[in-house]
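1. only the shape, not the letters, is given here:
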């Protein structure tokens, strides 16, 4: 197996486990409450409603879910699709992080993260947890690249990821 396929393998493993789990698990109360907000007719109405019904919450997870439901249509599984995809992307970034810090088998750390029960749990909830994991891994990966090769464009990308 070549290096590129080893980098993708943990993310594919995560998708293979998370997709069926996301479809089988019943919705939790916090997922239902988020769905009540994301089913607003527009992003502007969602942004107006959010501080009233969920004060202090970050809107990015709500906006991603609303956009996904507009594209795919509504179902419990489709409401969880952004979380599953962000979880898989975080796993992939973990493999890239392993490579970036010089691990010979960096994909193994990503495989451990993919099989970690809490990663599977929060990666299959219609909430923003896997999105936060993704942006944390992305910011870390960009920071390591920035430390090796400083530049304004990479610094701006790092700032955006944060």
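-> Looks like it arrived, so ask away. None of these values were measured; they are calculated from a predicted model.
2. where's the spatially most central residue of the chain, which helix or strand?
-> Geometric centre of the chain, nearest residue: residue 86, 2.3 Å, by CA atoms, centre = their mean. Per DSSP states H and E: residue 86 is located in helix 76-100.
3. which secondary structure elements does that helix contact?
-> Applying 3 or more CB pairs under 8 Å, 6 or more residues apart in numbering; DSSP states H and E, one finds that helix 76-100 makes contact with helix 3-24, helix 29-38, helix 59-72, helix 106-115, helix 117-122, helix 129-148. (C-beta placed from N, C-alpha, C; glycine too.)
4. now that helix against helix 106-115, angle please.
-> 150 degrees (axes from the mean of the first three to the mean of the last three CA atoms, to 10 degrees).
5. any idea of the mean pLDDT for helix 76-100?
-> For helix 76-100, mean pLDDT rounds to 96.
6. angle of it against helix 29-38?
-> Orientation check (the same axes, to 10 degrees): helix 76-100 against helix 29-38 gives 100 degrees.
7. distance between helix 76-100 and the chain's centre?
-> 5 Å (CA atoms, centre = their mean, to the nearest Å).
8. now do stretch 38-54
-> For stretch 38-54, the distance to the chain centre is 21 Å (CA atoms, centre = their mean).
9. now that stretch: buried residues?
-> Within stretch 38-54, the residues scored as buried using 16 or more other CB atoms under 10 Å are 38, 40, 46, 50, 54.
10. lowest pLDDT pick from those residues?
-> residue 54 (80).
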